[in-house]
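**Q** Could you look at this predicted model? Sequence included:
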Amino acid sequence: MRKKKIKLTIDGTAVTVDQGTTVMEAAEHLGIHIPRLCYHPDLSLAGSCRVCIVDVKGMGYYMTACSVEVWEGMDIQTNSPEIRQARRDIVELLLDNHPKDCQTCERDGHCELQNLAYSMGVRERLFEGRRKQFPIEESSHSVARNAEKCILCGRCVRVCAEIQGVYNLSQHGRGFHTVVAPAHLAAMDDSVCIQCGQCINVCPTAAFLEKRSTDDVWKALADPKLHVVVQTAPSIRAAIGEGFGMPPGTPATGKMITALRALGFDAVFDTDFGADLTIVEEAHEFLTRLKEGPLPMITSCSPGWINFMEKFYPELIPHASTCKSPMSMVSTLAKTYYAEKKGIDPSQVYMVAVMPCVAKKYESRRPEHLMPGGTPYTDAVLTTRELIWMIKCYGLTFGMLPDGQFDSPLGLSSGAGDIFGTTGGVMEATLRAASELVTGKPADRLEFTEVRAVEGLRQTYVAIGDRNVHVGVANGLTNAKVLLDKVKEGREQFHVIEVMACPGGCIGGGGQPYPPTGVKVLDPELLRKRAGALYSIDAGKTLRKSYENPSIEELYDAFLGGPGSQRAHELLHTRYSAKLPRGVR
Amino acid sequence: MNSTVSDQYRALADQAERARDRQKPGEKILIQIGSATCENAAGSVDVLDEFRKHIAASGREDIVLRRTGCTGRCSREPIVGILVPGKMPVKYERVDRPLVHEIFTRHILQGEPVLARILDGPLEKLSQHEILTCQSNRCGWEGAESLQTALARRLGDLGITPDQVRITAASCFGACGLNQLGTCSHMLVRPDKVLYRVYNEDDLDEILQEHVIHGHTVDRLKVVEKTVGRKFFEMYGDVAFFNRQSRIALRHNGIIDPESIDEYFHYRGFQALSTVLSKGDPQWVIDEVTKARLRGRGGGGYPTGQKWSMAAKAAEKTRYIICNADEGDPGAFMDRSMLESDPFNVVEGMIIGGYAIGANRGFFYIRAEYPMAIRRIDGAIRQCRERGLLGKNILGSGFDFDLEIRLGAGAFVCGEETALIHSIEGERGQPRIRPPYPTESGLWGKPTVINNVETFANITAIVNYGAGWFSRIGTAASGGTKVFALAGKILHTGLVEVPMGTTLREIVYEIGGGVAGGKQLKAVQTGGPAGGCIPAKWLDTPVDFDTLAKAGSIMGSGGMIVLDEDDCAVDIARFFMTFSQDESCGKCTPCREGTTRLLEILDRITQGTGTLADLEKLERLAKLIKKSSLCGLGRAAPNPVLSTLEHFRDEYIAHVTQQRCPAKKCVALVHYEISAEKCVGCTVCARNCPVTCITGARREAHIIDQVRCIKCGRCFEVCRFDAVQRL
């Protein structure tokens, strides 16, 4: 049905738009970008920051452009002197209750408040007075909360509830004393936080940040006794370029490897190798489950999802694949297989994982992922953002770096490993492997585009041999709940479900670069570009099936003794336990 | 007409009447004791207890104790009414245990009222009769002089003394039907409770001759209709504070037992509901309410009929109706009074509202700080369910409706309708952006009508007495009356219900008795913390939604605080801003951050450290908050600042340029000195000083140590020789 057209005037220019268009969208038709802060296209409307106010003729008060739909004959001023002053004053009011530490702030240069203060012309403070004071809360392994920097836009509250379905964050207190925190002002570590880090992504300031590991890594790199190795997750290569001014979607694998070498890492491994290995182990697990159950099998690579399951869906624990995540597999092998092969004492190996994910910081400290002596297999986890900063700190001109190659034996990967970084990728890689395992014949196709689910939720049937496999793919935990509830309530039978906690999968992880100006986090277009980079890497490889990775074959032959073997189980599999919120039994 | 409904109603009403008759109220001495929260706090529980003991000890069985709600006469509570059949009702003020003894032994047992303690007394003598004459401009009669003057003259001619008949001017009895409008006047003869139409002097003579002298009712002129507020006049008509009011929403306050549904039936209870359900046409109700020009009494003044109509037209059929009883303005207690003193009336209003908009479920959102209101509404709902007035198939009409209570946790913002909805839903009590409006998408996303207690309290009167009658009270834009909580530097504080359009001057001087202590009136602050100050020069402003808005204030829920020369405009603004800042929910930037900055600036000014630039900042910020806040609370929060800046700018300037508080109110800007000439050395000030900073020998001038003085003002208050000066 064609929508009714609405004629209105913006800053004296007539414009015709569809009924239901907001003032903000209508202004964009004229190339006018109305400043905004609490607004996010993928979240519900809050209308709380009041930065996007406009003057609508005949109204006694200013209206928010984000929320008001146009009406016939509407006459809008977006830039009268009064509106400019009002916006400037509102931004100053936010700034007045915010620490004056831009120079030392981690978000310096990426801060929306800073940008707004500049563009709104806050050059002096007129209303400055007392400031709220809160301690920095660092109880969580992954997420640090600095309420003093919070400007109460509520984006974190909304992303936590609406996109992730966790509802951990909410506002407490009122008025000037309002603070965003978990229920009952609990510490993050003592809350239902699943540590996905989406709050960090959507925060316009630095009220939420990852727990920094760069100091530990610098220290390790400087320690001559340590053999410092690094692994990079599939999605890093698809996004790291953004940190150096490259357009989103630029693959930068080679430059990233060179940069890591330059930083001083003794070996640069690829988490994609772990991904291939995960596929092989998972495919075997799936075959067993096909015979013995329980089905569906749910993927376990995403630590945010694992946390979510342990806290909200403990009854689904038997369904989660027992395979360690690719990161943990690589870390484990680095301190066993690689150390043995190299003749290095495993305690001298220092494993750094570069991840798009802050929950990996927690995963690395899970008791299940500690070596027998109690030290973790993964010593430090850096987010993409942290690595970008380290490269900048070192002074490397990223764009001019030559392409490097991953080190063996944990560096070679198939294209199936690359696409692990995007939603549907694990499923596609699994299908490539499973179809051969089930039928015993080479797969007739490599690309399963029907499971590429950037929109968040997809379920379909895939023919494997004479079987019709029912698969589900979800990213963003609110989407995942739809599938999980079906499983929990027995409403639908699935064979395999892939869950990635973050929107778009790892490419939209909580540790990914702050997007360039003008692009919002969670923007499907941005996610599509990052995913595109991974698919292009996959398509460009001749080696596209995890099974055919010769390094994997070598690993099984020389060290593990075959997929699903006793040793493989000891080293590559893990377990989960219910971690219900306090008071819930 | 649906005969089932009226039959069922008649049966219920008869049942209630029989239950009431068994107590033979007309033949017994009735002791009425106010029992709302305020009355209880003033000691009415003790009074009730004491009366009970006295009655038991006397062994008399013709004395009945009865609880009523509050009349809204705050400073005189507890109030006790003694109704002896055939005698003038007598009300006592500030009753305590000793007075109970006196009332019981002298008045009840010996028939001699305790004249010294009569409400708003003392009186020298109680007259045998009292004639209340109507002062409303809707009344008229043939005589050249006013009815009151003619009455006084005729009484004189007949040699009747004021001891025998007292004359009192009252406001409208609500008896002016369309036929008589402007052709006659009215008078009420007490204690016989007879209301007469008086067309001319012959009528007057006949009433005086027949009724006053010979004791025969003049049936020809008697008004037989039950008019609104008449019971109230019969009981309280002699009290100036009351008889200039027009009580509609408060018409049963202080008259009926709020915990008895039988009693409510006796006062036309549920007749309106029966009328509405008999008609069987929700649109008729909406049309009546629209015709009545009833506007929302919660503050916004949105036309109630329009609001109901929008919800009734919604496509979604599951709808809700909510009574907003989250009264939060400091000093406002009209909603509490109505809930505690006449709960059935509000419940009935809600059932009618629910029927009009097609809702089957309604909610009372009452703040938890009102335990008695909650108890009485809960009791009212329970009794209504027992009689089939709530629940399935009400009065056989096929209409299902039930009510539930939800408690507010005391956040001021939860009076804002979208925040209130969030609160009921179990969410954080914060407003959301509108549109969509609640009538479109409210509670749980369904069309929802939210009205204030007072709005609902008016509904039954509109149905019973007619939309035409209601709309004639008030102004062209808003029909009916408004209840105000009169407080501050006024002689009589309390609840005042007057027609829309009554001037501030009438309220302050005629009802409130003027400024206490003979001081000069400075301004009237209306509308609670979000209202503005209306200066004395605008005292003739007629009070309604639009005129108050034009004067830079708001109606709000009806707070009215009288300020005198001792009140500092900056301090007043600061007081209200403290409230608004504290109650800001924290959602939107201008209100959350802006009110804090406004308060800081006001603090500076009252401390004497403000600058002229601060005044500009104050104005700039206040206007920003007013124009860009998310909800009505934020938009109204700067009103106290803006209105005082407009009307009392010179006071602000004195604070910042001379560090002087003209009203001598701002503690930081005043100091106390003792005049050596006037001081007689009585040592009272020194003995009362809490920090013992006053020194001086007996019979010698005393001195205040300015360094140690905490400026509490105690010396100033206790000095009987005007020697202590506030400078």
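**A** Nice, I can see it.
**Q** My read is that residue B:648 contacts residue B:569, right?
**A** Yes: using CB atoms under 8 Å, residue B:648 is in contact with residue B:569, at 3.5 Å. Quick note: C-beta positions are derived from backbone N, CA and C, even for glycine.
**Q** Need the residues touching each of these two.
**A** B:523, B:533 (CB atoms under 8 Å, 6 or more residues apart in numbering or on different chains).
**Q** Looking only at neighbour counts, state which of those two leads.
**A** More neighbours surround residue B:569 than the other of residue B:648 and residue B:569, with 28 against 23 (other CB atoms under 10 Å in any protein chain shown).
**Q** Chain A versus that one, what's the distance?
**A** According to CB to the nearest CB, to the nearest Å, residue B:569 stands 22 Å off from chain A.
**Q** now residue B:347, nearest residue through space, not along the chain?
**A** residue B:380 (4.9 Å; CB to CB, 6 or more residues apart in numbering or on different chains).
**Q** Quick check: which element contains the one you found?
**A** In the assignment (DSSP states H and E), residue B:380 maps to helix B:371-386.
**Q** Next SSE downstream of that helix?
**A** Using DSSP H and E, the first helix or strand after helix B:371-386 is strand B:402-408.
**Q** Assumed residue A:268 was part of a helix.
**A** No: counting by DSSP: H, G, I helix; E, B strand; the rest coil, residue A:268 falls outside a helix, being strand.
**Q** That one pairs with what?
**A** Beta-bridge pairing for residue A:268 (DSSP bridges): residue A:230.
**Q** That one against residue A:406, yeah?
**A** Yes: using CB under 8 Å, residue A:268 is in contact with residue A:406, at 5.7 Å.
**Q** Please say which of these two ends up with more neighbours.
**A** residue A:268 (24 against 21).
**Q** any idea how far residue A:230 is from that one?
**A** 6 Å (CB to CB, to the nearest Å).
**Q** What count of nearby residues applies to the residue of the stretch 151-300 of chain A found nearest chain B?
**A** Closest to chain B within the stretch 151-300 of chain A is residue A:178: 3.2 Å, counting by CB to the nearest CB. Around residue A:178 there are 21 other residues, counting by other CB under 10 Å.
**Q** Can you pull the residues that touch both of residue A:268 and residue A:230?
**A** When contacts are counted by CB under 8 Å, 6+ apart, residue A:268 and residue A:230 have residue A:260 as shared neighbours.
**Q** so what are the domain limits for chain B?
**A** B:23-34+B:36-69+B:80-117, B:129-238, B:261-472, B:481-567, B:570-657, B:671-726 (automatic domain parsing).
**Q** Would you mind checking the average pLDDT for the fourth one?
**A** When pLDDT is averaged along domain B:481-567, the result is 91.
**Q** from the chain's centre, how far out does that domain sit?
**A** Relative to its chain's centre, domain B:481-567 lies at 12 Å (CA atoms, centre = their mean, to the nearest Å).
**Q** Could you confirm whether it reaches chain A?
**A** No: residues of domain B:481-567 contacting chain A under CB under 8 Å from any CB of the partner chain: none, with a closest distance of 9.8 Å.
**Q** I'd say residue B:114 and residue B:104 touch.
**A** No: using CB under 8 Å, residue B:114 is not in contact with residue B:104, being 9.9 Å away.
**Q** on that earlier part again, and the gap between the residue nearest to residue B:347 and chain A?
**A** Taking CB to the nearest CB as the measure, residue B:380 falls 32 Å from chain A.
**Q** just residue B:420 next, same as before
**A** 15 Å.
**Q** What is the neighbour count of the closest residue to chain B within the stretch 251-400 of chain A?
**A** Taking CB to the nearest CB, chain B has its nearest neighbour within the stretch 251-400 of chain A at residue A:312, 19.2 Å off. For residue A:312, the neighbour count with other CB under 10 Å is 23.
**Q** residues in contact with it?
**A** Residues near residue A:312 by CB under 8 Å, 6+ apart: A:166, A:192.
**Q** Just want the phi and psi numbers for residue B:420.
**A** phi -60, psi -40 (degrees, to the nearest 10).
**Q** and it, what is it in contact with?
**A** B:322, B:324, B:326, B:365, B:408, B:414, B:429, B:450.
**Q** doesn't residue A:353 make contact with residue A:230?
**A** Yes: under the criterion of CB under 8 Å, residue A:230 makes contact with residue A:353 at 7.3 Å.
**Q** Same drill for those two, tell me which one is more crowded.
**A** Set residue A:230 next to residue A:353 and count neighbours by other CB under 10 Å: residue A:353 wins out with 32 against 28.
**Q** intersection of neighbour lists for residue A:268 and residue A:406?
**A** residue A:257.
**Q** May I have the beta-bridge partners of residue B:564?
**A** Assigned bridge partners for residue B:564, using DSSP bridges, are residue B:521.
**Q** hmm, I was thinking of residue A:144
**A** residue A:209.
**Q** So it versus residue A:203, what's the distance?
**A** Residue A:144 sits 11 Å away from residue A:203, going by CB to CB.
**Q** if you count what's nearby, which of those two comes out ahead?
**A** Per other CB under 10 Å, whichever of residue A:144 and residue A:203 has more neighbours is residue A:203, with 26 against 20.
**Q** Quick check, the more buried one in contact with residue A:156.
**A** Yes: between residue A:203 and residue A:156 there is a contact at 5.7 Å, judged by CB under 8 Å.
**Q** quick revisit: what's near enough to touch the residue of the stretch 151-300 of chain A closest to chain B?
**A** For residue A:178, the contacting residues are A:152, A:171-172, B:585-587, B:592, by CB under 8 Å, 6+ apart.
**Q** Keep only those of the residues you listed that are in helices.
**A** Per DSSP state H, helices hold the following members of the contacts of residue A:178: residue B:592.
**Q** Restricted to strands, list the contacts of residue A:178.
**A** Under the assignment DSSP state E, the contacts of residue A:178 contribute A:171-172 to strands.
**Q** got a winner among the contacts of residue A:178 for most neighbours?
**A** residue B:587 (31 neighbours).
**Q** Against residue B:432, how distant is that residue?
**A** Distance of residue B:587 to residue B:432, given as CB to CB: 9 Å.
**Q** So for chain A, the centremost residue is which one?
**A** residue A:509 (0.7 Å; CA atoms, centre = their mean).
**Q** Pop out the phi and psi values for it.
**A** Main-chain torsions, residue A:509, degrees, to the nearest 10: phi -70, psi 160.
**Q** Give me the spatial nearest neighbour of it, chain neighbours excluded.
**A** residue A:356 (3.4 Å).
**Q** By mean pLDDT, which helix or strand of chain A comes out lowest?
**A** helix A:425-439 (a mean of 85; mean pLDDT, DSSP states H and E).
**Q** For the helix or strand just after it, list every residue counted as buried.
**A** Next helix or strand after helix A:425-439 toward the C-terminus (DSSP H and E): strand A:457-464. Residues A:457-459, A:462, A:464 are the ones in strand A:457-464 that count as buried (16 or more other CB atoms under 10 Å in any protein chain shown).
**Q** mean confidence score for strand A:457-464?
**A** 89.
**Q** now stretch B:720-727
**A** Mean pLDDT, computed over stretch B:720-727, is 92.
**Q** ok, residues contacting it?
**A** So stretch B:720-727 is contacted by B:664, B:670-675, B:678-680, B:682, B:684-685, B:701-702, B:713, B:715-716 (CB under 8 Å, 6+ apart).
**Q** Please spell out the PyMOL selection for the buried subset of those residues.
**A** To isolate the buried members of those in PyMOL, using 16+ other CB under 10 Å:
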select buried, chain B and resi 664+670+672+674+679+682+684+685+702+715+716
